[in-house]
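Engineer: got a predicted structure here, sequence first:
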Amino acid sequence: MEYLLAVILFAISTSITPGPNNIMVMTSALNFGIKKTLPLLAGICAGFSVMLLVIGFGFGQVFTAFPSLHLIIKCVGVSYLLYLSWVIAKSAGAPIDTDEAKPLSFLNGALFQWVNAKAWVVATGAIAAFTSMGDGYYTQNITIALVFFVAAFPCVGTWLLCGSVLKRILTKEKYRKVFNYAMAALLVVSVLPVIREVAIQLGVI
């Protein structure tokens, strides 16, 4: 029981804190509404749980054998997040709830986890902290994935509701511009530690 409680608390604390996933969901909710953002929310929750299973079932060993692969994924992830920041900023003045506007899909949310630096940190940390080698290893891994799947919906969903509330408040285009610019900047800030880590590994600094 203590083990399960510890995993639940870890899942809640890491899922509800600010990060690329939550920023994307809140921004999407503000610009497209709750209904159009639900597939993205579901994709994030499902995609991260699958990521936990894959890492726990041995994908981490691949990185141990080929550390350069991890660096490549980090570089791709940073590039994508910076691109996503640009997209958010670019859409700052776009009208919301139009037929032409297309929010990120379930698949976008699921695949995004593999280039999300925070997701990698949380996933590897969870596997390292809450599993032990032995007969119960795979059961523990599945338990962690299920706990995160269940906890992620209300935690990330909180940001979805925040975006929906802001949508009703920020009715003027200039206010939406300020919000989207702020979210784009916050997303860039969240990537800075990873950029520094990549730069150190490449010997730039």
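Structural biologist: Everything's here; your move. Keep in mind that what you see is a predicted model, and the values were worked out from it rather than measured. Numbers count the residues shown, from 1 in each chain.

Engineer: I44 reaches I23, doesn't it?
Structural biologist: No: in this structure, I44 is not within contact of I23 by CB atoms under 8 Å, at 11.3 Å. For glycine as for every other residue, the C-beta is placed from the backbone atoms N, C-alpha and C.

Engineer: can you pull the buried residues of the lengthiest helix in the chain?
Structural biologist: Determined from DSSP state H, the single longest helix within the chain is helix 137-169. With burial defined by 16 or more other CB atoms under 10 Å, the residues of helix 137-169 counted as buried are 140-141, 143-145, 147-149, 151-153, 155-157, 159-160, 163-164, 166-167.

Engineer: secondary structure class for V204?
Structural biologist: Judged by DSSP: H, G, I helix; E, B strand; the rest coil, the three-state class of V204 is coil.

Engineer: likewise for V198?
Structural biologist: Quick answer, by three-state DSSP: V198 is helix.

Engineer: separation between the residue nearest to it when sequence neighbours are not counted and L52?
Structural biologist: With CB to CB, 6 or more residues apart in numbering as the criterion, V198 has its nearest non-adjacent residue at 5.3 Å, and that residue is K74. In this structure, K74 and L52 are separated by 19 Å, where distance is defined by CB to CB, to the nearest Å.

Engineer: more neighbours, those two?
Structural biologist: The neighbour count for K74 versus L52, taken as other CB atoms under 10 Å, is higher for L52 (26 against 18).

Engineer: surely the more buried one touches W120?
Structural biologist: No: at 10.9 Å, L52 does not count as touching W120 under the criterion of CB under 8 Å.

Engineer: follow-up on the earlier one: looking at I44 and I23, which is more packed in?
Structural biologist: The neighbour comparison of I44 against I23 (other CB under 10 Å) goes to I44, with 28 against 22.

Engineer: lowest-confidence helix or strand of this protein?
Structural biologist: Of all the helices and strands that make up the chain, helix 60-65 has the lowest average by mean pLDDT, DSSP states H and E, namely a mean of 65.

Engineer: how about low-confidence regions in this protein?
Structural biologist: Counting by pLDDT under 70, the chain contains low-confidence ranges at 59-64, 67, 70, 77, 91-101, 133-135, 171-172, 190-191.

Engineer: those helices in it, which residues are they?
Structural biologist: Listed in chain order, the helices found in the chain under DSSP H are 2-16, 20-32, 34-54, 60-65, 67-90, 106-112, 117-130, 137-169, 173-201.
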